[in-house]
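> Structure for this input, please:
(one chain, ligands or ions: 1)
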Amino acid sequence: MRLLLIGAPGAGKGTQAVRIAEHFGIPHISSGDLLRRHIAEETSIGRSVRDTMRRGDLVSDGIVMDVLRKPVEAAARNGGYVLDGFPRTVEQAEVAYLVARDIGASVQVALFLDVPREELIRRLVARGQESGRTDDTEDVIKHRLEVYEEHTMPLLDYYQRRERLVTVNGSRPMDEVTWSVIVQLQKVRREFAG
Ligand code: AMP
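The predicted model follows:
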């Protein structure tokens, strides 16, 4: 299954993506994690994205596509992927579709984790205190939510019209969310198989 997650920062994409990946035996590919690894390893990509990420702005499409291309292609050849953090804009979705279509790697299901804004802020402030992520401070959090609302939310309409959009209430406890996500995805998978 080739799946991607859409959700605001703090919606639980990372947590759920890991669990979905484990359940279906497919890799979890996170654009944010790949970029943070470049920063930690001080590669030239890492140096070029560090300040952008610290501000909570979006990294350029070229760089993101560059870090994702190989892992996504490899995963698509081996049964699928759970993509987390990409695409962030309709433009990224359109380019990715054109690149992936010819090799049979384009996404089949978009899963939206729906969480109200107040709950997102509460979670992100708590995460910032625990993880020390430089983009989890209150000002940057607010900015990342604005970026999400302006650039990423239009993807819901995009996937609603094109592929399959599955919406799950993400404000419940983590295990309950995982449970309903897996039930919904199993249904979708049965439909693909049938
Ligand atoms: P995340 O871990 O998904 O919250 O991503 C953290 C940061 O990485 C974002 O705030 C962006 O700066 C950058 N980033 C991750 N994925 C993308 C993407 N698809 N397009 C642009 N920037 C991204």
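> Sketch out the low-pLDDT regions of the protein for me.
Of all residues in the chain, none has pLDDT under 70.
> Spit out the contact partners of the residue in the chain that the ligand sits nearest to.
Of all residues in the chain, residue 32 sits closest to the ligand, at 2.0 Å by CB to the nearest ligand atom. Where C-beta positions appear, they are placed from N, C-alpha and C, glycine not excepted. The contact partners of residue 32, taken as CB atoms under 8 Å, 6 or more residues apart in numbering, are 14, 84-85.
> can you list these in TSV and add neighbour count, secondary structure and distance to the ligand?
Shown next, in TSV, are those (neighbours: other CB atoms under 10 Å; DSSP: H, G, I helix; E, B strand; the rest coil; distance: CB to the nearest ligand atom, whole Å):
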residue	neighbour count	secondary structure	distance to the ligand
14	19	helix	7
84	25	strand	7
85	23	coil	3
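> gap between the residue of the chain closest to the ligand and residue 18?
Residue 32 sits 13 Å away from residue 18, going by CB to CB, to the nearest Å.
> Would you indicate which residues of the longest helix seen in the chain are buried?
Counting by DSSP state H, the longest helix found in the chain is helix 174-193. Of the residues in helix 174-193, 177-178, 181, 185, 188-189 count as buried by neighbour count, 16 or more other CB atoms under 10 Å.
> which of these are close to the ligand?
Near the ligand, judged by CB under 6 Å from any ligand atom, there are no entries from the buried residues of helix 174-193.
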